[in-house]
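1. The sequence and its predicted three-dimensional model are supplied below.
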Amino acid sequence: MTAIPARPALFEYAPAAESRSIVALRPRYGLFVDGEFTEGTGTPLKTLNPATEEVLAEVSTGSDADVDRAVRAARRAFTRVWGPMRPADRGKYLFRIARLLQERAREFAVLETLDNGKPIRESRDVDVPLAAAHFFYHAGWADKLVHAGLGPAPRPLGVAGQVIPWNFPLLMLAWKIAPALATGNTVVLKPAETTPLTALLFAEVCQQADLPPGVVNIVTGAGDTGRAVVAHPDVDKVAFTGSTEVGQSIARAVAGTHKRLTLELGGKAANIVFDDAPIDQAVEGIVRGIFFNQGHVCCAGSRLLVQESVHDEVVASLQRRIGTLRVGDPLDKNTDLGAVNSHSQLARIRELVAVGEAEGATCWQPEGELPGRGYWFKPTVFTDVSPAHRIARDEVFGPVLSVLTFRTPDEAVAKANNTTYGLSAGVWSEKGSRILSITSKLRAGVVWANTFNELDPTSPFGGYKQSGYGREGGRQGLAAYLQGDNQ
Amino acid sequence: MTHVLDPDALSRGGRPLPAPLDPFADVTRSDAAVRAFLHGLPGVDQVGAEARATVLGTRSIKTTAKAWAIDTAISMVDLTTLEGSDTPGRVRSLAAKARRPDPDDLTCPPVAAVCVYGDLAGIAKEALSGTGINVAAVATAFPSGRASRAVKLADVGDAVANGADEIDMVIDRGAFLSGRYLDVFEEIVAVKEACGEAHLKVILETGELVTLDNVRRASWLAMLAGGDFIKTSTGKVAPAATLPVCLVMLEAVRDFRAATGRQVGVKPAGGIRTTKDAVKHLVLINETVGADWLSPRWFRFGASGLLNDLLLQRQKLRTGHYSGPDHVSVD
């Protein structure tokens, strides 16, 4: 046997940044009302690139008067154009929007990554394709609503006021606008204050698609603007995705009015790993469950429930895998972990991690450096977590995983359901009968088996308990925007 | 720019243990024991394994990284000819190509080995003498493995006597699929013994094992029996090497080293034809088992056509434009 000389074995990936040049950033953005971009009368806000703290643009904010203008435009469009339109024609507009999203996918992906901080791999492979898929899916429903199981002639509600979060700006917009439009409603949508840019680019797509003015109105701003949208008396339907705290205040504001309400709020999902799980794939699923989108995912698998007999093996595997995550420029195509979206979110993550340490859980973070500028947080794993710890109960909304253990299937179910939330859950086992039995006992709106954070427009999404009510996506999601004959 | 959080994450915990294989000394004591052990390995979820391989396939390897990857891949090639029509002349011509894959560029590294049938190993040995390039010979009634053990061992002995540095054996897939794991194990042990100093690569023929669970079990069986390398395929059965199969085998050698301290190499063979495929495999190694496996000592590509595509891409990186197939030598 001749000795083969070893080559220096370091495989460093050269920078592979997606080009920003496809995005034409404007220094100032206005509101999109009645088919046109207009100035808002509120105090403008600046939107940042969280990976560098660079100011991307100044964005108008909507005052009460602006919101009123938008709602009136939406009402006009509903009464005169969109409501009376032949359903098949509404479908054509939605198909057109879906195709335009695909055609301009790279532009949307780059802009989303700039404004949100998420890796381009995720905005390119998840956010934008899924957003287009939601429009395609609902475009198909537009002229088939009589088959939705909601009576022989389901009718639209009217004007929908929609408030969306910063974690999936374009995707959440699609989840809100696509079903509303397919069912014949018109919308006033308020994007999150830290991530307004893709919604405004979407407004351009609406123009490009010749969508009649007023069908989609986008009013940017912070909490006050959102409150004005929710509180406007001529809004028939409120849809909100965001924190449980804000969701509760919206529920109070809407109580006693004619408005229909759907809420998609926080979560503290259990990801349950049994000892007969496919361990390597389970570890991938854990990583995907909690580090996808920096953990800024309401359905994130933030509580890992692992059977005691495989606890050490799973945690060791997980830590090894976390060490291989690539962190840095979100526009680099090889980045796995991007920037935390905002300074205030970073502060909240730090606060809860400090609480976890103070409560006595063991905090583990990988070696290695984070970028110097921007908002960053290392992937974090807490072991020795008790169900009484705050990091096992409160939603962190960041790359922080709490590991708890269980001994029997009953204990797993009891611990998994022991939360005020109920949005999602995951089960890992190679045993089919166990998966069927456990999933039927979990009180969560979405339950994944041997996968996690898998989303699809055909599958309804929504929560139990303080994770909200109503469903988005699938046939069930249409009900939130329609009234049947018996309603 | 982006970087790995912890460059040492994959090599940590890979320290050699004082007594290799000790933890598994008794798992091959009986058919029942070896079956219980192999069936007790964690299962592989096919959907999840494929998804992981797909994500790693989207890594963007450009400029300096691509140049490094191409040279590394060339140095890992087992340049192969396994045809009934092989002649001494063809083997000599392949050996010449192995020594200097790109005659116009002296900076191009040689390949790792030339892989031939056992009867031609002597010709290859002679043609490669003094180059440091190994001679690999397939044996054990390659590719089907359907012969008696005596014939298989004689085949190995013949190849070793002809000067083969490495023996690529096939496992008895019939025995494996019918659950006679101990037979498979004992045959590999016997072949390993017949190899003497020569390195043993154990071909699992994953295209016939079909499931990823079987791939993991066969990998462990081959490693327990003393194989120095585990290899996907003969190249005579489709599908041959695929990324998910290679991923599962890399996980197996990683786990085996963590448990026993002994490092085993991996060789995907068959079906890897383009630079892109080769780079995806290097990414797979880099992010599954790490730098410890990123050398021809621990990773090989069994291929024939791949080398020319690597050379074309190498020329493209150097000159900035693509040349044609006539700018690399025909095999």
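-> All right, it came through fine. Numbers count the residues shown, from 1 in each chain, chains lettered A, B, ... in the order given.

2. count of residues packed around the closest residue to chain A within the stretch 51-200 of chain B?
-> Using C-beta to the nearest C-beta, the single residue of the stretch 51-200 of chain B nearest to chain A is B:Ser60, 3.7 Å away. Where you see a C-beta, it was placed from the backbone N, CA and C, and this is true even at glycine. Per other C-beta atoms under 10 Å in any protein chain shown, the neighbour tally for B:Ser60 reads 18.

3. For it, which residues are in contact?
-> Contacts for B:Ser60 (C-beta atoms under 8 Å, 6 or more residues apart in numbering or on different chains) come out as A:Tyr13, A:Ala16, A:Lys333, A:Asn334.

4. tell me the secondary structure for it?
-> coil (DSSP: H, G, I helix; E, B strand; the rest coil).

5. Check what pLDDT it gets.
-> Note on B:Ser60: pLDDT of 97.

6. Chain B next: which of the contacts of B:Ser60 are close?
-> Checking the contacts of B:Ser60 against chain B by C-beta under 8 Å from any C-beta of the partner chain, the ones in range are A:Tyr13, A:Ala16, A:Lys333, A:Asn334.

7. Test my guess that B:Pro239 contacts B:Gly207.
-> Yes - B:Pro239 lies in contact with B:Gly207 (C-beta atoms under 8 Å); the separation is 5.0 Å.

8. Tell me which of the two has more neighbours.
-> Counted by other C-beta under 10 Å, B:Pro239 and B:Gly207 do not tie: B:Gly207 has more neighbours, with 21 against 13.

9. Please tell me how far that one sits from B:Gly57.
-> 20 Å (C-beta to C-beta, to the nearest Å).

10. returning to what we had before: can you flag which of the contacts of B:Ser60 belong to helices?
-> Using DSSP state H, no member of the contacts of B:Ser60 falls in helices.

11. How many neighbouring residues does the residue of the stretch 1-150 of chain B found nearest chain A have?
-> Closest contact between the stretch 1-150 of chain B and chain A, by C-beta to the nearest C-beta, is at B:Ala9 (2.3 Å). Around B:Ala9 there are 21 other residues, counting by other C-beta under 10 Å.

12. residues in contact with stretch B:232-244?
-> Against stretch B:232-244 from outside (C-beta under 8 Å, 6+ apart): B:46, B:49-50, B:52-54, B:56-57, B:80, B:82, B:138, B:142-143, B:170, B:203-208, B:212, B:245-246, B:249, B:267-272, B:280-281, B:284, B:302.

13. Could you rerun that using 6 Å?
-> By C-beta atoms under 6 Å, 6 or more residues apart in numbering or on different chains, the residues outside stretch B:232-244 that reach it are B:49-50, B:53, B:143, B:203, B:205-208, B:245, B:268-272.

14. Spatially central residue in the chain, please.
-> In the absence of a named chain, this looks at chain A. The centre of chain A sits closest to A:Phe168, judged by C-alpha atoms, centre = their mean, with a distance of 4.1 Å.

15. Actually, chain B is the one I wanted.
-> Short answer for chain B (C-alpha atoms, centre = their mean): B:Lys267, at 1.2 Å.

16. Identify, from the contacts of stretch B:232-244, the entry nearest to B:His327.
-> Using C-beta to C-beta, B:Ile272 comes nearest to B:His327 of the contacts of stretch B:232-244, at 21.3 Å.

17. any idea how chain A splits into domains?
-> A:20-265+A:466-483, A:270-456 (automatic domain parsing).

18. chain center to the first one: distance?
-> Looking back up the chat, that one is domain A:20-265+A:466-483. 13 Å (C-alpha atoms, centre = their mean, to the nearest Å).

19. re the thing from before, got a pLDDT number for the residue nearest to the centre of chain A?
-> The predicted local confidence for A:Phe168 is 98.

20. these two touch, right, the residue nearest to the centre of chain B and B:Trp298?
-> No - counting by C-beta atoms under 6 Å, B:Lys267 stays clear of B:Trp298, with 9.6 Å between them.

21. low pLDDT regions in the chain?
-> Just going to use chain A. A:1-9, A:485-487 (pLDDT under 70).

22. that answer is for a different chain, and I need it for chain B
-> For chain B, counting by pLDDT under 70, the residues that fall below are B:1, B:13-21.

23. residues in it within reach of chain A, list them.
-> Contacts of chain B with chain A, taken as C-beta under 6 Å from any C-beta of the partner chain, map to B:1-6, B:9, B:42-45, B:48, B:52, B:59-60, B:62-65, B:75, B:132, B:134, B:165, B:197, B:199, B:251, B:286-287, B:291, B:294-297.

24. Any figure for the gap between the residue in the stretch 101-250 of chain A that chain B sits nearest to and A:Gln476?
-> Using C-beta to the nearest C-beta, the single residue of the stretch 101-250 of chain A nearest to chain B is A:Arg121, 6.6 Å away. As judged by C-beta to C-beta, A:Arg121 and A:Gln476 stand 31 Å apart.

25. do the same with A:His232
-> Distance, A:His232 to A:Gln476, by C-beta to C-beta: 27 Å.

26. what residues does chain A put near chain B?
-> A:1-2, A:4, A:6-7, A:9, A:11, A:13-16, A:278-281, A:284, A:320, A:323-329, A:332-335, A:366-368, A:430, A:450.

27. List the ones among those residues that fall in helices.
-> Short answer: those in helices (DSSP H) are A:Ile279, A:Asp280, A:Gln281, A:Glu284, A:Arg320, A:Gly323.
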